[in-house]
Each structure stands twice: as structure tokens, then as C-alpha cells.
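1. Using only what follows, build the 3D model:
(4 chains)
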Protein chains: 2
Amino acid sequence: MATGKNENGTGISLDRMIQPMLLMLILKKPTHGYELIQSFNAVHEGEIAEPGTIYRNLRRLEREGFVLSGWEASESGPARRKYAITEDGIKALHEAVLKLEKQKQQIEDFLTEYNHLPKKGGHSIEK
Amino acid sequence: MATGKNENGTGISLDRMIQPMLLMLILKKPTHGYELIQSFNAVHEGEIAEPGTIYRNLRRLEREGFVLSGWEASESGPARRKYAITEDGIKALHEAVLKLEKQKQQIEDFLTEYNHLPKKGGHSIEK
DNA sequence: TAACACTAAGTGTAAAGTGCACATAGGTTA
DNA sequence: TAACCTATGTGCACTTTACACTTAGTGTTA
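-> Numbers count the residues shown, from 1 in each chain, chains lettered A, B, ... in the order given. Here you go, the predicted structure:
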């Protein structure tokens, strides 16, 4: 994956977590893209989820059959595309959870090893 | 990021973890690419780290000034490019650790929320 | 000696995901 | 009318990776 750039400070770095997060939010409450963006930015306060990324992932989730969408008129403002999760989507979410548990374990193993390094140990070189 | 493909079973999926892992291994003991590949495959038993990915990341780490390398003759076999970490590399490793701690927290938050979903709850849709 | 295996380092290419900027459009308010 | 908010999306550049392949030194075996 590439993360575009974003080695800086802006934007959430949700490496590989966008789709599971979207699926879970939609599972909890069927909704539309714009509201999902708000939800993201509410949870990860101060950081901004890229609308383009959200919308693109929603379209993809539908292509893959994990969500279904339909247009819904809004009393005030443009129509919204409202998403609901499918049975396949629930399964996909579960599989993503298993992967994330593994990933979490990998990170933990790494951090444990890092914390067990001898202080001022290691073999660094002048410059 | 793209992950090439690898939604299947081969290869380790070390999303964004290759560079920190390489830096830590080199910090522990300056060494060359081929041995790093062996180390990877020893830790993640059964899974195979892509040599191409390892070598490319090592060249990148050097371009960025996080490691230094020098050719070293081998009694048997081709010469090896031996890597050592720099002070900048140690700093970069530390920053990567901070990021990974955040990422771990994100995953934990997600998993916690997932596990608190009402059983058979959620709003799924026919198909 | 030719073939093969192992060590060692690397490249070419396609695919995938993301950030940033921008486009489009309906509706509300100054 | 202009500005602004809601709402959805696209185009492009960039990054990273998997897979397949290349190059090359050395040792072993048929």
C-alpha cells in the first residue's frame, strides 16, 4: 500500500483499517458517507479523514458485495447515498477482526523486543 | 500503500513494519541483507519475507541516512553488503515505535468496540 | 567439465491504497 | 447574487509491495 504521502502530521493514518471501520459503523447504524466522515472525525478528534478516501472505499465495499446502497432524499440538502451492510459484509468484518488481532500481536511482539533492548546498547556507527 | 497483492496466504504481511524491524535487527547486530532475510523467516516461521522487498528497503534506509553500508568479503560465496545503524536511524526507530504504539492503540480501540457489539445486533440487509 | 545448488544482491513491472486538489450539484442564508 | 454548507465523487501523483526474473561468486556432484 502506499499512503500517498502523509509522513507529516495531517490526516489519520488508518493503515488498512478504513474498510473494517466503515463496515462496523454501518453495521451499528446504516448511514451515508458524509455522516461517516463526521463519525470518523468525532472519534479521532482533531484529525481529518479524507472524504475522497471514504467515498472511494464505500464504492468498493459495494462492488465487493459487503454493503448495499440506495439514494435517499434529504429534507435539506442534496440526496444521500445510504449504506447498509450485507451478510457477506458481516463475514468480511469478522475476517478483518481476525487479521487485526494478528497484526496487533505482531506489533506487540515488536514493541516487547524493542523494550528489552539493552539501554545504550546496540551497535550504532559514527555518522 | 499498496500491498502488491497477497490477500492469499504467502508472504508476511508486515504492513509498514519492515523498516522498523530492519532497523531493530541491525541495531542489535550489524549484518547483511541475506542474513536479515533468514532472521525474518526464523521469527515468522513458515512465512517467507520477500527478498526483493528486504533489499529495496535496505537501500532506501541508506538513502535516507538511517543506515550505512560497506562491502565485506565472504570466505565462501559472493561479497556481502554489511549494514550498521546510524544515530539518525536510532531516532527513526524510536519514532517508528511511537507510531506503532499509536497504531496498536487504534487497533485495540477498534477490537474493543467490535466485541461490545450486541450479539445478533446490527442492521444487516437481505442480500 | 558441465550441471546444479547455495549464497548474495538487486531490478522491472503491475497492482493497490492513499492524500491532495478539484469538480459537481442541491439547498440555505446574507 | 454570492457565499456557504451539505453531499458525492474523480484525476493524478506518490508510495509500497508481491512476484518474477537477473546477475554473479563459490562449492559439490555426476
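
2. rest of the way, CA atoms for contacts and neighbours
-> Fine.

3. Just the pLDDT for residue A:110.
-> Predicted confidence (pLDDT) for residue A:110: 94.

4. Based on its surroundings, how many neighbours for it?
-> Residues lying near residue A:110 (other C-alpha atoms under 10 Å in any protein chain shown) number 17.

5. Please report phi then psi for it.
-> phi -60, psi -50 (degrees, to the nearest 10).

6. and the nearest residue to it once chain neighbours are set aside, how many neighbours does it have?
-> Using C-alpha to C-alpha, 6 or more residues apart in numbering or on different chains and skipping the chain neighbours, the partner closest in space to residue A:110 is residue B:21 (7.5 Å). Per other C-alpha under 10 Å, the neighbour tally for residue B:21 reads 18.

7. Could you look up the SS state of residue B:21?
-> helix (DSSP: H, G, I helix; E, B strand; the rest coil).

8. ok now do the most centrally placed residue in chain A, which residues does it touch?
-> The centre of chain A sits closest to residue A:18, judged by C-alpha atoms, centre = their mean, with a distance of 1.8 Å. With contact set as C-alpha atoms under 8 Å, 6 or more residues apart in numbering or on different chains, residue A:18 has these partners: A:54, A:57.

9. make it 10 Å
-> A:24, A:40, A:49, A:53, A:54, A:57, A:58 (C-alpha atoms under 10 Å, 6 or more residues apart in numbering or on different chains).

10. same deal with residue A:94?
-> Residue A:94 touches A:20, A:23, A:24, A:88, A:100, B:114, counting by C-alpha under 10 Å, 6+ apart.

11. so where's chain A shaky on pLDDT?
-> A:1-15, A:46, A:120-122, A:126-127 (pLDDT under 70).

12. can you give me the strands for it?
-> Ranges of strands in chain A, per DSSP state E, are A:31-32, A:67-72, A:80-86, A:124-125.

13. could you say what helices and strands the last one packs with?
-> By that I understand strand A:124-125. Here strand A:124-125 touches helix B:18-28, strand B:67-72, strand B:80-86, helix B:87-115, going by 3 or more C-alpha pairs under 10 Å, 6 or more residues apart in numbering or on different chains; DSSP states H and E.

14. Contacts for it next, please.
-> Here strand A:124-125 has contacts from B:26-30, B:67-68, B:83-90, using C-alpha under 10 Å, 6+ apart.

15. Return the distance of residue A:91 relative to DNA strand D.
-> The gap separating residue A:91 from DNA strand D is 23 Å, by C-alpha to the nearest atom of the strand, to the nearest Å.

16. ok, how many other residues are close to that residue?
-> By the criterion of other C-alpha under 10 Å, residue A:91 has 12 neighbours.

17. My read is that it contacts residue A:66, right?
-> Yes: checked against C-alpha atoms under 10 Å, the pair residue A:91 and residue A:66 is within contact range at 8.6 Å.

18. Using PDB, write out every CA atom in stretch A:51-58.
-> C-alpha atoms of stretch A:51-58 as PDB (Å, rounded to 0.1, in the frame of the first residue of the first chain):
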ATOM      1  CA  PRO A  51     -13.600  12.400   2.100                       C
ATOM      2  CA  GLY A  52     -12.200  11.100  -1.100                       C
ATOM      3  CA  THR A  53     -10.800   8.000   0.600                       C
ATOM      4  CA  ILE A  54     -14.100   7.400   2.500                       C
ATOM      5  CA  TYR A  55     -16.300   7.700  -0.600                       C
ATOM      6  CA  ARG A  56     -13.900   5.500  -2.700                       C
ATOM      7  CA  ASN A  57     -13.900   2.800   0.000                       C
ATOM      8  CA  LEU A  58     -17.700   2.900   0.200                       C
END
